[in-house]
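Colleague: let's see this in three dimensions:
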Amino acid sequence: MAQKIKEPQARFGYRKNPASGNWEPITPDIGSVVGDGRKIVTTAGTREQLSSSSTSTLNVVIQAELDNTGVVVVGGITVVAALATRRGIGLEAGDSISLNVSDLSLIWLDSMVSGDGVTYFWTRL
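Modeller: Numbers count the residues shown, from 1 in each chain. Sure, this is the predicted structure:
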C-alpha cells in the first residue's frame, strides 16, 4: 500500500500517482537485461567503435584488459590516444569507467599500443 503524504509534506524521492492521487516512492530504473563483450584495438592510433552494431543500453562498464601494455582511451567519435592530442579518458591496465549511455555504438576507443583492448558489460531495461 502506498504511503499517503499530504502535498505540503512531499519529500524528495516521492511522486504523485495521477491515477490515485497518492504520493508513492520513486523506484529507480534498474537494468533487466545484461550483456558483455570484448574489444581489441587492432591498430594503435586508429579509433574503433566499441560495438559496430547498435545495442541499446542504460549503463556500460568498460575495463582495460589486465595484460595491456599501453593506455586505451575511451571517448566519442573524436577520441584520440596520442598523448599530445589526447581526447577522451585514458585507462591503464585494469582501470575501469562506468558510463550512462543509450547505445554501445556511441563509444569509441583508441590505444597507444596495437592489440590492447577492453572488456565490458552493459545493462538495459
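
Colleague: helix or strand right after the helix or strand hosting Leu109?
Modeller: Here Leu109, judged by DSSP states H and E, is contained in strand 108-111. Using DSSP H and E, the helix or strand that directly follows strand 108-111 along the chain is strand 117-124.

Colleague: just the residues contacting that next one, thanks.
Modeller: 30-41, 50, 55-65, 68, 72, 74, 91, 104, 109, 111 (CB atoms under 8 Å, 6 or more residues apart in numbering). The C-beta positions use only the backbone N, C-alpha and C, and glycine is treated the same way.

Colleague: then the strand holding Leu109 to PDB, C-alphas only?
Modeller: Extracted in PDB, the C-alpha atoms of strand 108-111 (Å, rounded to 0.1, in the frame of the first residue of the first chain):
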ATOM      1  CA  TRP A 108      34.800   4.800 -29.400                       C
ATOM      2  CA  LEU A 109      38.300   3.500 -28.400                       C
ATOM      3  CA  ASP A 110      41.800   4.300 -29.400                       C
ATOM      4  CA  SER A 111      45.000   2.900 -28.000                       C
END
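
Colleague: partners of that strand, with directions?
Modeller: If you go by DSSP bridges, strand 108-111 pairs up with strand 48-49 (antiparallel), strand 72-75 (antiparallel).

Colleague: which residues does that strand contact?
Modeller: 39, 41, 44-50, 68, 70-81, 88, 117-118.

Colleague: still on that earlier bit, a markdown table for the strands paired with strand 108-111, including mean pLDDT?
Modeller: Formatted as a markdown table, the strands paired with strand 108-111 follow (pLDDT from 0 to 100):
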| stretch | mean pLDDT |
| --- | --- |
| strand 48-49 | 97 |
| strand 72-75 | 98 |
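
Colleague: between these, which gets nearest to Leu99?
Modeller: Using CB to CB as the measure, strand 72-75 is the one of the strands paired with strand 108-111 that comes nearest Leu99, at 7.8 Å.

Colleague: CA atoms only for that closest one, dumped as CSV, please.
Modeller: Extracted C-alpha coordinates of strand 72-75, given in CSV (Å, rounded to 0.1, in the frame of the first residue of the first chain):
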residue,chain,number,x,y,z
VAL,A,72,43.4,2.6,-24.1
VAL,A,73,41.4,5.8,-24.4
VAL,A,74,37.6,5.8,-24.3
GLY,A,75,35.5,8.6,-25.8
